[in-house]
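> A predicted structure for the sequence below; I have some questions about it.
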Amino acid sequence: MLLNRIIPLGIPLAWLNLVKEKKRFFAAVAGITFAVTMMMFQMGLNSALFEQVVGPHAKMKADIFVVSSQYEYLGVSKGFPLRRLIQAEGIEAVEQVVPMYVGALPLINTDNQSTREVFILAWDPAKEAFSDEEISSQRWKLKRDGVALYDRLSRPELGPFVQEVDETGEAITEVANRRVAIEGLFSCAPTFVADGNMLMNEATFLPLWPGGDRAVVSIGLIQLKPGSDAEAVLAELKGFMADDVRLYTRKGFLDYEMQYWRERTPIGFVITASMAVALIVGAVIVYQILYTDVTDHLEEYATLKSIGFRDSYFTGVILQESVILSVFGFIPGTALTWVLFYFTRQIAHMATYLDLTNCVIIFFLTLFMCLAAGGL
């Protein structure tokens, strides 16, 4: 019965109206495809950007992070006293604390002698500071002063270091006007803070950093004994720690960093605005197509109305056309987004992938867009 009400006499009027003018139909599908691609790409880019910005944090081996009370983000990391980590070692559940020193310093491109900043993370390599196996297996190299590991996903403008290490096992350059030997590679990818990353021994980094002082730590990594409750230890630490530091669980620290970039920078707004623009553009295209279709078939609609069809039937036809257009635009839009994501991964080294949740959200946004245009 329902099918007969939607398609009286078995005639799919909505479909026939759309495909009668094939050029117009394909123009509508192309417009919706553009809107779907733009929305889905922006949403995927949004997720990848905020995952990438916490790439270095995610590789650190810590259950609890300690930062200065003036901490903003990893690139602007005010220091706090080393004695706070020494205090934390007194808790029974704490297995190890690792002081981490971070900062961006000028790196010489040995190809053209240009200078660009590289982001450096330094610690005592006798301690396990990273959960990444590639870094852990090479940290023994950093026990020698003047040696560094280099992020193979750093932007090529920094220098030809990846190729040199692959070919000869070593690349010589200068950081802050001092000789540094790159003897290994790892993978992390650039962030908003810098175009590339480097790992060093704290004894190599601190003399390069203006005012470098081992007693002033950028980030403290607290590793707990297996089976320990991170929330309980966090509460215990907060009970006696001075107010010159802030403490986070692992998840809390990553969430804070992503929230900083999402709320305190224009990145989140720009991406949301781009999606809104795509939604409006798609709705306008669908509206124009449907408006033209209705205008072209006014005589036929008048005939149908004169033989007894109600206004609700004609509204249903237009909404059916809207649904058909949303489906036909969503499929190629998703395929095109997959292609864009692939090239983004290859060129920008960003983790852009089709996500089922994002696809469902974009499909319903597309459906809403088309139905809104049809309703108008």
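Arrived safely, thanks for sending.
> Now Arg116: which helix or strand?
strand 115-123 (DSSP states H and E).
> name the helices or strands packed onto that strand?
Helices and strands touching strand 115-123, by 3 or more C-beta pairs under 8 Å, 6 or more residues apart in numbering; DSSP states H and E, are strand 94-108, strand 197-201, helix 202-205. C-beta here means a position set from N, CA and C on the backbone, and glycine is covered the same way.
> max-length helix in this protein?
Secondary structure assigned by DSSP state H gives helix 311-348 as the longest helix of the chain.
> buried set for that helix?
By 16 or more other C-beta atoms under 10 Å, the buried positions in helix 311-348 come out as 313-314, 316-322, 324-326, 328-330, 332-334, 336-338, 340-341, 344, 348.
> Below-threshold pLDDT in the chain: ranges please.
The model of the chain has pLDDT under 70 over residues 1-11, 76-77, 192.
> Please report the distance of Val175 from Leu336.
Plainly put, Val175 is 42 Å away from Leu336 if you go by C-beta to C-beta, to the nearest Å.
> Grab the nearest non-local neighbour of Thr191.
Spatial nearest neighbour of Thr191, chain neighbours left out: Val53 (5.1 Å); criterion: C-beta to C-beta, 6 or more residues apart in numbering.
> just the strands in this structure please.
64-68, 80-81, 94-108, 115-123, 147-151, 171-175, 178-186, 197-201, 216-217, 219-224, 245-249 (DSSP state E).
> Columns mean neighbour count and distance to Asp293 on top of those strands, output as JSON lines?
What follows is these, written out as JSON lines (neighbours: other C-beta atoms under 10 Å; distance: least, C-beta to C-beta, whole Å):
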{"stretch": "strand 64-68", "mean neighbour count": "24", "distance to Asp293": "58"}
{"stretch": "strand 80-81", "mean neighbour count": "20", "distance to Asp293": "66"}
{"stretch": "strand 94-108", "mean neighbour count": "21", "distance to Asp293": "57"}
{"stretch": "strand 115-123", "mean neighbour count": "22", "distance to Asp293": "55"}
{"stretch": "strand 147-151", "mean neighbour count": "24", "distance to Asp293": "54"}
{"stretch": "strand 171-175", "mean neighbour count": "19", "distance to Asp293": "63"}
{"stretch": "strand 178-186", "mean neighbour count": "18", "distance to Asp293": "57"}
{"stretch": "strand 197-201", "mean neighbour count": "25", "distance to Asp293": "55"}
{"stretch": "strand 216-217", "mean neighbour count": "22", "distance to Asp293": "67"}
{"stretch": "strand 219-224", "mean neighbour count": "22", "distance to Asp293": "61"}
{"stretch": "strand 245-249", "mean neighbour count": "19", "distance to Asp293": "56"}
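> mind checking which of these is nearest Ala230?
The closest of these to Ala230 is strand 245-249. By C-beta to C-beta, the value is 5.0 Å.
> Val245 and Phe80 touch, don't they?
Yes: using C-beta atoms under 8 Å, Val245 is in contact with Phe80, at 4.9 Å.
> Point out the one among the strands of the chain that comes closest to Ile361.
That would be, of the strands of the chain and by C-beta to C-beta, strand 245-249, which comes in at 28.3 Å.
> The closest one relative to strand 64-68, how many degrees between them?
Following axes from the mean of the first three to the mean of the last three C-alpha atoms, to 10 degrees, one obtains 160 degrees for the angle between strand 245-249 and strand 64-68.
> Give me the contact list for strand 245-249.
63-69, 71, 80, 84, 220, 230-231, 234, 237-238, 241, 256 (C-beta atoms under 8 Å, 6 or more residues apart in numbering).
> Please give me every residue in contact with Tyr260.
72-73.
> Tell me how far it lies from Leu221.
Tyr260 is 19 Å from Leu221, by C-beta to C-beta.
> what's near enough to touch Val53?
For Val53, the contact set (C-beta under 8 Å, 6+ apart) comprises 191-193, 257-258, 261.
> Could you write me a PyMOL select line covering just the buried ones among those residues?
Buried residues within the contacts of Val53, by 16+ other C-beta under 10 Å, are selected in PyMOL with:
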select buried, resi 191+193+257+258+261
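> among the contacts of Val53, which two are most distant?
Applying C-beta to C-beta across the contacts of Val53, the maximum distance is between Val193 and Met258, 13.6 Å.
> Who are the contact partners of Leu208?
Counting by C-beta under 8 Å, 6+ apart, Leu208 has contacts 105, 175-176, 178.
> how about 6 Å then?
By C-beta atoms under 6 Å, 6 or more residues apart in numbering, the residues touching Leu208 are 105, 176, 178.
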